[in-house]
Structures are given as structure tokens and as C-alpha cells.
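Participant: Structure for this input, please:
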Amino acid sequence: MQTNRTNSDLPSREDLINIVRTTLEEDVGSGDITAALIPAGRAATAKIIGREPGILCGTHYAEEVFSQIGLTSGSVAIDWLVGDGDEVKDGTVIASLSGSARSILTGERSALNILQTLSATATTSRHYARLVQHTKVKILDTRKTLPALRTAQKYAVRVGGCDNHRIGLFDAFLIKENHIAACGGIAAAIQRARTLNSALPVEIEVQTVAELDEAIAARADIVMLDNFDLTQTIAAVKHTAGRVKLEASGSIDDARLVEIAETGVDFISIGALTKHCRALDLSLLFDFSKT
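Facilitator: A predicted model of the protein is given here:
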């Protein structure tokens with residue numbers, strides 16, 4: 001689990017470079033032929049403006065877009081007036097840009113795509129975090145992320161006030177129903193995990209109280225209560241009595257979130273943090289009158 005991370009953690013430099021490089025390769029390809037219509041020395045100013053309420057996220061990635069484009073098309077200076085984690089409203093001026101008109105136009109869509117997507121994730125995460133702020137529970141994301149944006153979306157989850165589950169298949173064991181069946185049972189699966197890598201956390205999915213007892217006896221670090229209803233979750237928390245960390249998962253929406261959080265479970269994992277987000281509406285507008 002990555003639940004010890006804080007919202008102030010920044011994406012790594014390597015992450016920024018790689019994600020933005022892939023983004024630009026997809027969009028710019030061999031060159032922006034439409035931007036080439038503009039004289040190479042033409043300068044411009046522009047603003048990024050919010051068009052609806054939400055939580056901003058992705059400024060580091062957007063800045064990297066213009067940094068990489070600027071290596072070949074002319075530099076762009078960005079003055080951020082709003083930072084990651086800040087609330088924006090309709091009409092909020094998020095940033096001012098100045099420099100090469102070609103570079104601003106070439107980077108516009110890539111920068112906005114990243115900002116809008118990560119802001120959507122941060123906005124959704126902030127919504128869920130606020131719903132349960134009166135409880136001790138940590139809201140976790142899942143691996144249900146957009147391809148090639150895993151670490152960026154997980155950063156946005158933290159910016160929004162929630163926490164990260166495992167990053168991928170490599171940094172924690174999550175033993176589910178099919179793994180259990182293939183290994184020959186709960187105890188056998190947990191023992192095998194400890195043998196393979198004793199340093200990594202071991203989480204296992206259970207569907208009944210009897211399986212919960214097996215997982216506790218086998219010394220799992222975390223037990224995932226798969227699609228337990230409210231009554232079952234309350235009973236599981238009482239039965240466990242703190243002997244193991246509990247994570248609730250499965251079909252948890254706004255209506256169920258608060259009541260599940262109030263049962264005393266340690267974690268609630270929600271795929272909707274990263275997979276059901278609607279892009280935050282942002283615009284980039286030019287002002288050639290200032291150039």
C-alpha cells in the first residue's frame with residue numbers, strides 16, 4: 001500500500017518526462033503542420049481559464065509539455081496563478097502564457113488534455129474525501145486507470161485528498177478469488193507470497209466470515225471484504241477486533257460510502273476515483289493584442 005504518501009508529493013522528474021514525451025509523440029508526431037502556417041518568430045500571450053468548479057491538478061505535466069515543445073519550436077513562459085489542489089471556478093484564470101505562438105498552439109491540446117483529466121481525478125477524489133472526513137477511513141484508488149497515465153492519476157488522487165493502493169502488480173500482493181483457487185486455498189496462497197517476497201505487504205480477498213478467519217490465522221496484512229453488505233461489514237469489523245486491517249471493496253458509491261466508512265473499516269477502495277471521471281472544462285484563449 002502507498003497510504004503513507006501525502007498530497008504534497010510531486011510527480012517524479014522521470015515520470016513527467018516520459019508521460020509528456022508519449023503524449024507529444026501521439027499528438028504532434030512528425031510536426032504540427034497547422035502551426036507551421038504562423039511565422040516562426042511570432043510571439044503571443046494566452047490564458048488558461050476554468051469553465052466550471054473543480055480541483056486543479058496537472059500543472060507540472062502541462063509545464064513539461066511546453067518545456068519539451070520549446071526545445072524545437074520556441075520557448076514559452078508560464079505564470080501559474082492557481083496550483084495543484086486549489087479550487088477553481090467558472091472564469092478563474094489559472095495561468096498566463098507568453099512566448100512562441102507556434103509552441104503555445106502546438107502544446108495547447110496536450111497540456112489541456114492532461115490538466116483536464118488529472119483535475120477530474122482530483123475533483124472526484126476531493127468529493128469522496130470530504131464525505132468521510134469525520135471518520136478514520138482512508139479512501140484508496142485502484143488499478144482501473146487510463147493506459148499510460150497510472151502514476152499521473154495516482155498523483156491526482158493524492159492531490160484530491162485520497163490515498164493510493166498498490167501502484168501495479170509488482171509492489172504488493174493482492175490475492176483474489178482465482179489466485180486462491182489456483183494456489184490451493186487461503187493459507188497456502190499467503191504462505192507462498194511470504195516465501196516469494198517477505199518484504200511486501202500481503203492482502204487477500206474474502207467473501208465470508210469463515211474465510212476472514214482463515215486469512216487472520218494465516219497472518220495476512222490486509223483483508224479485502226469483497227462485496228460485503230453493510231450488516232456483514234459491521235459484523236466483520238466487530239469480529240476482527242483490530243487483529244488485521246480491513247478494506248471494503250465492491251459497488252461502493254456515494255450512497256453507501258459514508259455508512260461503510262462509519263463501520264470502522266480501515267480502507268475503502270473505489271475504482272471510480274480514476275475510471276468514472278469527467279474531464280474538468282478548461283480553455284486556452286489567445287490575446288494577440290498584447291504582442
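
Participant: Would you mind giving me the confidence score for Gly185?
Facilitator: If you check Gly185, the pLDDT there is 97.

Participant: give me every residue that touches it.
Facilitator: Glu214 (Cβ atoms under 8 Å, 6 or more residues apart in numbering). Bear in mind the C-beta positions are built from the backbone N, C-alpha and C, glycine included.

Participant: separation between it and Leu282?
Facilitator: Between Gly185 and Leu282 the distance is 51 Å, computed by Cβ to Cβ, to the nearest Å.

Participant: now do Glu205
Facilitator: According to Cβ to Cβ, Glu205 stands 39 Å off from Leu282.

Participant: right, and Ala236 touches Val209 too?
Facilitator: Yes. When contacts are counted by Cβ atoms under 8 Å, Ala236 is listed as touching Val209 (6.5 Å).

Participant: Could you check which of the two has the larger neighbour count?
Facilitator: Under the criterion of other Cβ atoms under 10 Å, the comparison of Ala236 against Val209 puts Ala236 first, with 21 against 15.

Participant: Tell me how many other residues surround Ala77.
Facilitator: Using other Cβ under 10 Å, the number of residues around Ala77 comes to 11.

Participant: ditto for Gly161
Facilitator: When neighbours are defined as other Cβ under 10 Å, Gly161 has 18 of them.

Participant: ok, now Leu280?
Facilitator: The burial metric for Leu280, expressed as a neighbour count using other Cβ under 10 Å, is 26.

Participant: Tell me which residues of the biggest helix by length in the chain come out buried.
Facilitator: Longest helix of the chain, by residue count under DSSP state H: helix 101-131. Neighbour counts over helix 101-131 (16 or more other Cβ atoms under 10 Å) mark 101-108, 110-129 as buried.

Participant: got it, and stretch 245-260?
Facilitator: When burial is assessed from 16+ other Cβ under 10 Å, stretch 245-260 yields the following buried residues: Lys245, Leu246, Glu247, Ala248, Ser249, Gly250, Ile252, Arg256, Leu257, Ile260.

Participant: Can you measure across that stretch, start residue to end residue?
Facilitator: Its first and final residues considered, stretch 245-260 spans 15 Å by Cα to Cα, to the nearest Å.

Participant: got it, and stretch 239-247?
Facilitator: Its first and final residues considered, stretch 239-247 spans 14 Å by Cα to Cα.
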